[in-house]
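1. predicted model follows, preceded by the sequence.
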Amino acid sequence: MGTRSGGQWVDLKTAADIMGTTTEALRKRAKRGTLPFETGEDGRLYVRVDARVDEQVDGRADDVHPDRDLLVERMSSEIDHLREQLRQEREGSAELRRIMAGLVQRVPELEPAKDSSSEPPESPVVSSGETDKGTVSSEQQDPSQRRSWWRAFFGLE
């Protein structure tokens, strides 16, 4: 088909060789409208290869895609960063596993609570008609004699 404004028109196979991709990928790009194409008189599909890719054919591939080189460099840097984050997370996870294992080993060592009955301590029940002469309410008891629920729970009493 020859050269037209902005590049050269070539068949799919040649374009795939030039661009380093497959004919099917180029066919899909043409169908989506992201690659200029024409159907030739012979029924074959032709795509336009721009001037930068023409340079690649001439053997000057170093300057063809500077954006691609920058992108590859950035992606490589991002991959390295993510690998480092993964390594740190794995180290942190291993440390947490070590801590948990140490705590689990210590569970049998912990002293059980002195009063291990599951029933709460009984308190005197006073009917509304009775007076509580001679009995002392828990508020009136000496603070050292009152049992703290949290101390009992943690086995401190």
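-> All right, it came through fine.
2. below-threshold pLDDT in the chain: ranges please.
-> Where the chain drops to pLDDT under 70, the residues are 1-6, 51-66, 111-147, 157.
3. can you pull out the strands in it?
-> With DSSP state E as the definition, the chain shows strands at residue ranges 2-4, 7-11, 37-39, 45-50.
4. using JSON lines, lay out those strands together with distance to Arg68 and mean neighbour count.
-> Any C-beta I mention is one placed from the backbone N, CA and C, and that applies to glycine too. Below are those laid out as JSON lines (distance: least, C-beta to C-beta, whole Å; neighbours: other C-beta atoms under 10 Å):
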{"stretch": "strand 2-4", "distance to Arg68": "24", "mean neighbour count": "10"}
{"stretch": "strand 7-11", "distance to Arg68": "18", "mean neighbour count": "18"}
{"stretch": "strand 37-39", "distance to Arg68": "22", "mean neighbour count": "13"}
{"stretch": "strand 45-50", "distance to Arg68": "14", "mean neighbour count": "20"}
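5. save those as JSON lines, and put in distance to Ile18 too.
-> Conversion of the strands of the chain to JSON lines gives the following (distance: least, C-beta to C-beta, whole Å):
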{"stretch": "strand 2-4", "distance to Ile18": "14"}
{"stretch": "strand 7-11", "distance to Ile18": "7"}
{"stretch": "strand 37-39", "distance to Ile18": "15"}
{"stretch": "strand 45-50", "distance to Ile18": "6"}
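6. spatially nearest residue to Lys13, not counting backbone neighbours?
-> The spatially closest residue to Lys13, leaving aside those adjacent along the chain, is Thr23, at 5.8 Å (C-beta to C-beta, 6 or more residues apart in numbering).
7. contact partners for the one you found?
-> With contact taken as C-beta atoms under 8 Å, 6 or more residues apart in numbering, Thr23 is in contact with 12-13, 15-16.
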